[in-house]
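Engineer: quick one: sequence plus predicted model below, questions after.
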Amino acid sequence: MSKSETFPHPDYKRYVLKPAFGEAQRLLFPHMMAANEAHALMLAESGIIPREQAAALLKANREIEQAGPDAFTYAPDVEDLFFAVEQRLIERAGADAGDNLQIARSRNDLDAVMARQMTRERLVRLQDQVLTVRLALLDLIAQHHDTLMPGVTHTQPAQPTTLAHHLLGVLGPFERDSARLASAWARVNRCPLGVAAFTTTSFQIDRELTARLLGFDDLVENGYDAIGASDYMIEVTGVLANMAVSVSRFAHDLLLWSRAEAGVLRIGDAFVQISSIMPQKRNPVVFEHIRARTGYVIGDAATVVAIAHSSAFGDTVDVEDPIYTPLARCCDSAEAVLGLLAAVLPTMEFDAELLAARAGQGHITTTALADALVKERKMPFRAAHHVVSRLVKDSVGTGKEITAEGISAVATEEAGREIGVDEAFVARALDPWEMVNARDIIGGPAPLATRAAADRSRALLEEDRAAAQNRRERLESAIAERRNMAVGVISG
């Protein structure tokens with residue numbers, strides 16, 4: 001047999017085995033150590049292996065864990081990190097103990113449990129980042145309940161609003177992102193370990209104990225489901241892609257507001273880069289980096305779907321090593337996006353005077369004039385809208401302001417009725433603050449409404465923080481229980 005026909009083929013080693021080994025070292029090593037520890041403890045507690053063997057395994061596993069993943073180097077004769085670790089365990093714990101760790105376990109369920117551990121670890125960090133962004137937004141909102149600004153639709157001035165109202169709108173998707181991440185956690189944090197290859201095992205193992213020691217809330221019961229399903233990966237990356245779209249849209253607005261032509265937003269110098277040739281340049285490129293990295297998130301989310309798409313349901317490589325890299329990369333890019341956004345938000349300074357001035361320009365308050373004709377002069381809304389639309393058109397064409405006399409004339413001409421209005425009526429109807437303050441119902445821009453909304457959002461933030469802390473504490477408790485049990489077995 002020629003060298004090229006001996007496993008592994010040089011190209012298979014180059015393109016598959018060696019990169020996969022490196023990714024396993026980077027992404028999976030601590031989770032493999034935890035799974036080894038929990039499985040060895042369960043085997044001992046179930047009476048499947050002697051406690052002396054369990055002690056040797058646990059001691060060796062702890063030594064390997066402390067040495068870290070860099071203590072391993074890829075070698076073709078061990079194929080992957082699993083076999084490299086198993087070989088090291090046998091060397092340190094002895095053949096009898098080392099050979100028995102794989103009782104009632106396969107690489108299949110080990111891969112599955114490591115992937116879920118890796119994913120939930122990132123979910124914890126991502127939730128923390130989303131909560132931090134929400135707090136930063138709420139702190140910014142608190143500064144701008146009384147900051148008047150022009151609201152836009154289709155990029156054009158539409159109605160006056162407040163900056164707090166706008167930012168509360170941005171906050172909403174982040175609040176739902178927290179809910180989506182928490183919901184995904186419930187499906188990610190389920191333990192597949194114990195199904196072995198996929199049909200479980202004839203050994204009377206205690207799957208619930210293993211799950212508890214690893215901090216899982218429940219089991220993935222069915223063996224095929226435990227090994228073959230990829231839905232939780234797609235769910236997580238889908239949540240992150242959704243979030244990335246919201247962030248990219250916000251970043252786009254922030255870039256526009258930072259333009260010299262807009263002149264309403266300035267960020268801290270720590271996030272501004274200069275030009276190599278133009279001395280005056282002050283480039284808010286942090287928003288460009290945020291926007292670009294949302295593309296990483298969306299791209300890797302699509303990669304996860306594409307890899308899982310049309311793969312056989314069951315044990316297939318597609319939903320193992322190849323999918324872990326884009327899954328982790330999607331999570332890590334999302335973490336970077338959120339981290340950058342959380343860091344830059346507290347440095348934002350808005351030109352409140354310029355925003356307020358623009359909130360009264362371009363006939364932006366004429367919706368309120370139409371409303372006033374309906375409420376105070378009992379004109380049908382469509383007729384009032386038609387009258388005011390004509391007034392705006394005439395004002396733009398002539399360059400003259402809307403007056404009480406003009407309103408009366410157009411109303412008579414267009415609606416066939418006389419309306420008695422004076423200049424005080426017109427001034428009140430067209431005043432931006434009058435328009436904003438009148439919109440004080442739930443969801444409105446009036447400071448009364450935005451302060452109440454912000455209070456509700458702060459209360460929700462505290463609830464979500466408490467829930468996230470509870471999830472973190474449950475994981476920490478499981479780790480502590482597992483470590484203490486291991487120490488007890490090792491010490492005899």
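Structural biologist: Great, that's in hand.

Engineer: ok, residue 76 touching residue 13?
Structural biologist: Yes. Contact criterion Cβ atoms under 8 Å: residue 76 and residue 13 qualify, at 5.7 Å. Placement of C-beta: from N, CA and C, glycine included.

Engineer: please spell out which residues along the lowest-mean-pLDDT helix or strand in the chain are buried.
Structural biologist: The weakest-scoring helix or strand in the chain, judged by mean pLDDT, DSSP states H and E, is helix 404-410 (a mean of 85). Under the neighbour-count criterion of 16 or more other Cβ atoms under 10 Å, helix 404-410 has 404, 406, 407, 408, 410 buried.

Engineer: please apply the same query to stretch 271-279.
Structural biologist: 271, 272.

Engineer: dump it to CSV, restricted to CA.
Structural biologist: Taking C-alpha atoms only, stretch 271-279 is exported to CSV below (Å, rounded to 0.1, in the frame of the first residue of the first chain):
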residue,chain,number,x,y,z
PHE,A,271,-13.5,55.9,19.3
VAL,A,272,-12.4,58.3,16.6
GLN,A,273,-9.7,57.7,14.1
ILE,A,274,-7.8,60.3,12.1
SER,A,275,-6.8,60.5,8.4
SER,A,276,-3.3,59.9,7.2
ILE,A,277,-3.5,62.9,4.9
MET,A,278,-6.4,65.2,5.9
PRO,A,279,-5.6,67.0,9.2
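
Engineer: helices along the stretch 101-250 of the chain, start to end?
Structural biologist: Ranges of helices in the stretch 101-250 of the chain, per DSSP state H, counting those that start in this stretch, are 107-142, 163-188, 207-213, 223-228, 231-258.

Engineer: looking only at pLDDT, what's the mean for the shortest one?
Structural biologist: For helix 223-228, the mean pLDDT works out to 96.

Engineer: quick one: list the elements packing against it.
Structural biologist: For helix 223-228, the packing partners by 3 or more Cβ pairs under 8 Å, 6 or more residues apart in numbering; DSSP states H and E come out as helix 107-142.

Engineer: same question for the first one.
Structural biologist: Applying 3+ Cβ pairs under 8 Å, 6+ apart, we find helix 107-142 packed against helix 29-45, helix 163-188, strand 190-191, helix 223-228, helix 231-258, helix 321-344, helix 447-491.

Engineer: turn these into a markdown table, including mean neighbour count and distance to residue 214.
Structural biologist: Formatted as a markdown table, the helices and strands packed on helix 107-142 follow (neighbours: other Cβ atoms under 10 Å; distance: least, Cβ to Cβ, whole Å):
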| stretch | mean neighbour count | distance to residue 214 |
| --- | --- | --- |
| helix 29-45 | 23 | 5 |
| helix 163-188 | 20 | 13 |
| strand 190-191 | 24 | 6 |
| helix 223-228 | 20 | 14 |
| helix 231-258 | 20 | 16 |
| helix 321-344 | 22 | 18 |
| helix 447-491 | 15 | 6 |
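
Engineer: turn the ones you listed into CSV, including distance to residue 266.
Structural biologist: Listed next are the helices and strands packed on helix 107-142 as CSV, based on distance: least, Cβ to Cβ, whole Å:
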stretch, distance to residue 266
helix 29-45, 43
helix 163-188, 14
strand 190-191, 47
helix 223-228, 53
helix 231-258, 7
helix 321-344, 11
helix 447-491, 23
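
Engineer: of all these, which one is nearest residue 357?
Structural biologist: helix 163-188 (13.8 Å; Cβ to Cβ).

Engineer: between helix 321-344 and that closest one, find me the angle.
Structural biologist: 150 degrees (axes from the mean of the first three to the mean of the last three Cα atoms, to 10 degrees).

Engineer: so which of the helices and strands packed on helix 107-142 is nearest residue 431?
Structural biologist: Relative to residue 431, the nearest member of these by Cβ to Cβ is helix 447-491, separated by 15.2 Å.

Engineer: would you mind saying which of the helices of the stretch 101-250 of the chain lies nearest residue 352?
Structural biologist: Closest among the helices of the stretch 101-250 of the chain, using Cβ to Cβ: helix 163-188, at 7.9 Å.

Engineer: residue 382: neighbour count?
Structural biologist: 11 (other Cβ atoms under 10 Å).
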